[in-house]
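Peer 1: Got a sequence here, can you build the structure:
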Amino acid sequence: MKIFKMLFFAAITILTIAPASSARDFSWARDFNLQAQADPSGIRARLATRFNIGHLQVRTVLSNVENPADAYMVLRLGEMSGRPTDYIVERYRSGKKKGWGSLAKSLGIKPGSQEFHALKRGHDLSHISGAAHNTGNYVEVSYNNEEDGGKGKKKGKSKKNGK
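Peer 2: Residues are numbered from 1 along each chain as shown. Here you go, the predicted model:
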């Protein structure tokens with residue numbers, strides 16, 4: 001009976017320490033979420049700029065995860081693994097209780113690798129400014145030049161070809 005108690009307490013200790021150390025590995029996520037809460041449009045713009053995606057895709061990822069740090073991780077893991085974002089979101093949903101390290105490993109990012117350590121160190125958005133993108137989600141481009149009736153300036157047309 002004494003051995004059973006010792007094994008039981010050892011198991012409880014291991015089960016409580018392991019998640020705490022895993023959470024500590026990605027402790028930057030808490031600060032990231034606080035920044036996102038303070039400036040949601042700025043974080044969306046920085047994610048769009050960093051991952052070279054549209055604001056609509058950023059909003060889609062954000063709406064499919066629990067918090068902005070998770071959105072960053074989904075986008076980053078997609079980039080690192082070469083997998084599409086929707087695939088990463090599905091893997092996130094099915095295995096989020098296992099943690100980011102487990103998800104990264106399942107995507108071929110080896111623990112101890114430079115990529116894995118980069119994930120644990122934190123996000124790489126600090127050098128990207130989102131201020132220029134805060135004015136809206138879309139840029140309207142007009143191709144119709146009203147001064148010439150919308151016909152363009154006829155550049156590139158050769159007189160030799162009779163056009």
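
Peer 1: and the residue lying closest to Arg76 once chain neighbours are set aside, what element?
Peer 2: Nearest residue to Arg76, sequence neighbours excluded (Cβ to Cβ, 6 or more residues apart in numbering): Leu119, at 6.6 Å. Just so you know, the C-beta spots here come from the backbone N, C-alpha and C atoms, and that holds for glycine as well. Element membership for Leu119, per DSSP states H and E: helix 114-121.

Peer 1: what comes up buried for that helix?
Peer 2: 115-116, 119-120 (16 or more other Cβ atoms under 10 Å).

Peer 1: Could you single out the nearest of those to Ser63?
Peer 2: Nearest to Ser63 among these: Leu119, at 22.5 Å, using Cβ to Cβ.

Peer 1: Next up, the contacts around Lys89.
Peer 2: Lys isn't right for residue 89; it's Val. With contact taken as Cβ atoms under 8 Å, 6 or more residues apart in numbering, Val89 is in contact with 61, 64-65, 74.

Peer 1: Farthest-apart pair in the residues you listed, please.
Peer 2: Greatest spatial distance in the contacts of Val89: Asn64 and Val74, 8.0 Å, computed using Cβ to Cβ.

Peer 1: Can you pick out the residue with more neighbours from these two?
Peer 2: Val74 (24 against 17; other Cβ atoms under 10 Å).

Peer 1: lowest-confidence helix or strand of this protein?
Peer 2: Taking mean pLDDT, DSSP states H and E as the measure, helix 2-25 is the helix or strand of the chain with the lowest mean score, a mean of 47.

Peer 1: which parts of the helix or strand just after that one are buried?
Peer 2: Following helix 2-25 in sequence order, the next helix or strand is helix 28-38 (DSSP H and E). Applying a neighbour-count criterion of 16+ other Cβ under 10 Å, one finds 29, 32-33, 35-36 buried in helix 28-38.

Peer 1: Which one of those residues is nearest to Lys97?
Peer 2: Among the buried residues of helix 28-38, and counting by Cβ to Cβ, the member closest to Lys97 is Ala29, at 15.6 Å.

Peer 1: what's the closest non-adjacent residue to that closest one?
Peer 2: Ala69 (3.6 Å).

Peer 1: Hmm, Leu34 and that neighbour touching each other?
Peer 2: No - with contact defined as Cβ atoms under 8 Å, Ala69 does not reach Leu34; the gap is 9.7 Å.

Peer 1: Three-state assignment for Asp124, please.
Peer 2: Of the three states, Asp124 takes coil according to DSSP: H, G, I helix; E, B strand; the rest coil.

Peer 1: got a list of what it touches?
Peer 2: By Cβ under 8 Å, 6+ apart, the neighbours of Asp124 are 50, 118.
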